[in-house]
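Q: using only what follows, build the 3D model:
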Amino acid sequence: MMNRIPDAAMSKTFEDTFTTARHLGFQYIWIDSLCILQGDKEDWQREAALMSSVYAGSSLNIVALDAPSGETGCFFQRDAQTIRGHKLLSCADAKSSDRTLYNCMPSGSFFRGPAFERAWIFQERLLSPRNLHLGKRELLWECRERLACETLPEISIINKYDEGPKIISRWNGIIREYSTGKLTYATDKLVAISGVARQFAGAYNLEYLAGVWREYLEHQLLWFILRRNRQILSERYRAPSWSWTPVDGAVSSHPPILSEGTRLYIAIQDAVVEPSNSDIFGQISGGCITLKCQGLLPVEFGDAGYSVPTISIGNSPRFLASLFLDSLGSEYKQLFCLKALYTKKPELWFLLLLPAGDGKFYRVGVFYIYDWGKVFSLDAAQTAEKSALEQKVLVDGEEPAGLDETGRQMYLITII
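A: Sure, this is the predicted structure:
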C-alpha cells in the first residue's frame, strides 16, 4: 500500500494547491484524482455517491481558475495596476442635479476561465460553503452570502443560487449552467450533478428522476436546447428521452408558471427510473413515464424558405413555430405532437414524439407558437389542433382514459 506520493509525481497545479492550503492553515486536503483509486470502477462509484458530503462538509474549495492542465499551476505573474475597479459618477441629463455613483469593473471579471468549462467543477463549487478562485488576473471569493474580487473587494454580489422564491426556478438555473460544461466521460452526466441533486432532494423533500423532479415533471418535460449548433444526442444510453441528460450541450427547462391564465394539458400518471446500481442519483439503465393527454396528432415540419420552421398539424396549412429538436440533423419519417402547456404570454407548447415500437414513444423535441402579428399565429395553431382532434384516429400505443372536465376524450401514452 502506498503511504505517500513522491513530489516528482505531483503536477504543478497540485503543488500550488498544497502551498495555498498550508498557507491558510489547513492540515487535510481532498483531490478527487488522488483520493479516488483511478481505474477502479467500484471505488469510483462508491466515492461518487459521497461527493455531496465531501464538498458540502469542507471548509474551503480551491479552484485553479485559469489552469487548462495540471502543468499550468495556480499562481501567475500579473500587473498590480490592472487589479482595480473604477467609480463612475452619472446623471440623467446635463440639467439634472441628481447624480449616482456606480462601481465598475472590467467585463467578464467573474468566473471566466478553463476551470468553468468543466462540468465537474460546477458541482464542487456549488456544494462547497466557500470557494477561493485563483485566477490569472485576480483572486475571487465566493460563499453563501456573497461574491467578491480584488478589483472591488468592498462590493458584495449576492450568490444567485441562494435566492429566488421558486425552488424549481433555482434548479432550472442549475441545469442551464451545468449543461454548458464538458465531461471527459459523457457517461458521467448524471453522476457529476448527483451531489447537488442529493442536497436538493433532502432540502425540499423532492423525488429525483434522472435530472428532473417528479413534483414538477409536467413542466420539466418541456426542456429545450439553448444553442442549436452544439447539441449532440448521446449514442450510448444515458437516461430516458424525456430527461435532458442524454443531450450534450446547453439546455434550459420551462419554469412552472402557475399564474392565472396558464393551463397544463398533460398529467403524469406514473414515472419510474432504473438505477444502474443502488444510487438513484447516479447512472441510469432505464426508465419510463405514463402520461395522460388529449391525444397524439401527426405533425410535419419544414423551412418553406423562412428562417424559422413551419409546422403542420394533421392536414392543416403550415404555420410558423419555434422548433427545438433534441438532436440536430435527424430526419424522422413519422412524428406526433401533443399539446402540453398554455401560458398567458400567450404561448402554446407542444411535445414532439417518435414511435419507439411496442406502443411506446421517444421524446425528440418541443415547439411552441406565440402571437406576433401575422407571422406567428396562435389562433392558426389552436384551430389546426382542434380540427385535427375532431378527425383523430387512434395511434398505436394510445389507450383511452376517460373524459376530462370539458368532456374531451383523454388518452394514456408511455414515453421511454
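Q: what's stretch 129-140 in contact with?
A: 16, 20, 56, 58-66, 74-76, 78, 82-83, 109-111, 113, 115, 125, 141-144, 147-151 (C-beta atoms under 8 Å, 6 or more residues apart in numbering). Where you see a C-beta, it was placed from the backbone N, CA and C, and this is true even at glycine.
Q: going through those residues, which ones are buried?
A: Buried residues within these, counting neighbours by 16 or more other C-beta atoms under 10 Å: 16, 20, 58, 61-66, 74, 109-111, 113, 115, 125, 142, 147-151.
Q: how far is stretch 135-154 from where the chain is centred?
A: 25 Å (C-alpha atoms, centre = their mean, to the nearest Å).
Q: hey, C-alpha coordinates of it in CSV?
A: The C-alpha trace of stretch 135-154 is given here as CSV (Å, rounded to 0.1, in the frame of the first residue of the first chain):
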residue,chain,number,x,y,z
GLY,A,135,-7.1,33.4,-11.4
LYS,A,136,-4.6,34.8,-13.9
ARG,A,137,-5.8,38.3,-13.3
GLU,A,138,-7.1,38.3,-9.7
LEU,A,139,-8.4,36.3,-6.8
LEU,A,140,-12.2,35.7,-6.5
TRP,A,141,-14.1,34.8,-3.4
GLU,A,142,-17.4,33.0,-3.3
CYS,A,143,-19.5,31.9,-0.4
ARG,A,144,-23.2,31.5,0.7
GLU,A,145,-23.5,35.3,1.2
ARG,A,146,-21.5,37.0,-1.5
LEU,A,147,-19.2,37.1,-4.4
ALA,A,148,-16.2,39.4,-4.2
CYS,A,149,-12.9,40.1,-6.1
GLU,A,150,-9.7,42.1,-5.7
THR,A,151,-10.9,44.6,-8.2
LEU,A,152,-13.7,45.8,-5.9
PRO,A,153,-13.3,43.9,-2.6
GLU,A,154,-15.8,46.1,-0.8
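Q: just to revisit the earlier point, so which of the buried ones among the contacts of stretch 129-140 belong to strands?
A: Counting by DSSP state E, those place Asn61, Ile62, Val63, Ala64, Glu142, Leu147, Ala148, Cys149 in strands.
Q: which of those lies closest to Gly202?
A: Asn61 (20.1 Å; C-beta to C-beta).
Q: I figured that closest one hits Ser128, correct?
A: Yes. Using C-beta atoms under 8 Å, Asn61 is in contact with Ser128, at 3.5 Å.
Q: between those two, which contacts overlap?
A: If you check Asn61 and Ser128 against C-beta under 8 Å, 6+ apart, the residues they both contact are Tyr55.
Q: got the ones in strands among the buried ones among the contacts of stretch 129-140 as a markdown table, with distance to Ser253 and pLDDT columns?
A: A markdown table is the format used below for these (distance: C-beta to C-beta, whole Å; pLDDT from 0 to 100):
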| residue | distance to Ser253 | pLDDT |
| --- | --- | --- |
| Asn61 | 26 | 96 |
| Ile62 | 31 | 96 |
| Val63 | 26 | 94 |
| Ala64 | 31 | 93 |
| Glu142 | 24 | 89 |
| Leu147 | 24 | 81 |
| Ala148 | 30 | 82 |
| Cys149 | 30 | 83 |
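Q: most widely separated two among those residues?
A: Using C-beta to C-beta, the two most remote members of those are Ala64 and Ala148, lying 18.8 Å apart.
Q: in the stretch 301-416 of the chain, which spans are helices?
A: Secondary structure of the stretch 301-416 of the chain (DSSP state H, counting those that start in this stretch): helices located at 378-390.
Q: all strands for it, in order.
A: Secondary structure of the stretch 301-416 of the chain, counting by DSSP state E, counting those that start in this stretch: strands at 310-313, 319-320, 322-325, 335-343, 347-357, 360-370, 399-403, 409-415.
Q: of all those strands, which one is nearest Gly181?
A: Gly181 sits nearest to strand 322-325 of all those, at 20.3 Å, using C-beta to C-beta.
Q: that closest one: how far from the chain's middle?
A: 17 Å.
Q: now that strand: mean pLDDT?
A: The pLDDT scores in strand 322-325 average 87.
Q: ok, it: who's next to it in the sheet?
A: Strand 322-325 pairs in its sheet with strand 360-370 (antiparallel), by DSSP bridges.
Q: quick check: buried residues in the strand it pairs with?
A: For strand 360-370, by 16+ other C-beta under 10 Å, it's Phe361, Tyr362, Arg363, Val364, Gly365, Val366, Phe367, Tyr368, Ile369, Tyr370.
Q: just how off-centre is it within its chain?
A: Distance of strand 360-370 from the chain centroid (C-alpha atoms, centre = their mean) equals 18 Å.
Q: next, the angle strand 409-415 makes with that strand.
A: Taking axes from the mean of the first three to the mean of the last three C-alpha atoms, to 10 degrees, one finds strand 360-370 and strand 409-415 inclined to each other by 120 degrees.
Q: average model confidence for strand 360-370?
A: 91.
Q: one step back: could I get the strands of the stretch 301-416 of the chain in CSV, plus columns for distance to Ala380?
A: Shown next, in CSV, are the strands of the stretch 301-416 of the chain (distance: least, C-beta to C-beta, whole Å):
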stretch, distance to Ala380
strand 310-313, 10
strand 319-320, 4
strand 322-325, 14
strand 335-343, 14
strand 347-357, 11
strand 360-370, 8
strand 399-403, 27
strand 409-415, 23
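Q: can you check which of these gets nearest to Val251?
A: The minimum distance between Val251 and the strands of the stretch 301-416 of the chain falls on strand 322-325, with 9.2 Å, by C-beta to C-beta.
Q: ok so, going back, and the buried residues of strand 360-370 as TSV, adding distance to Phe200?
A: TSV is the format used below for these (distance: C-beta to C-beta, whole Å):
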residue	distance to Phe200
Phe361	28
Tyr362	27
Arg363	23
Val364	28
Gly365	26
Val366	24
Phe367	29
Tyr368	27
Ile369	32
Tyr370	31
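Q: ok, back up a step: tell me which of the strands of the stretch 301-416 of the chain sits nearest to Pro275.
A: strand 409-415 (18.7 Å).
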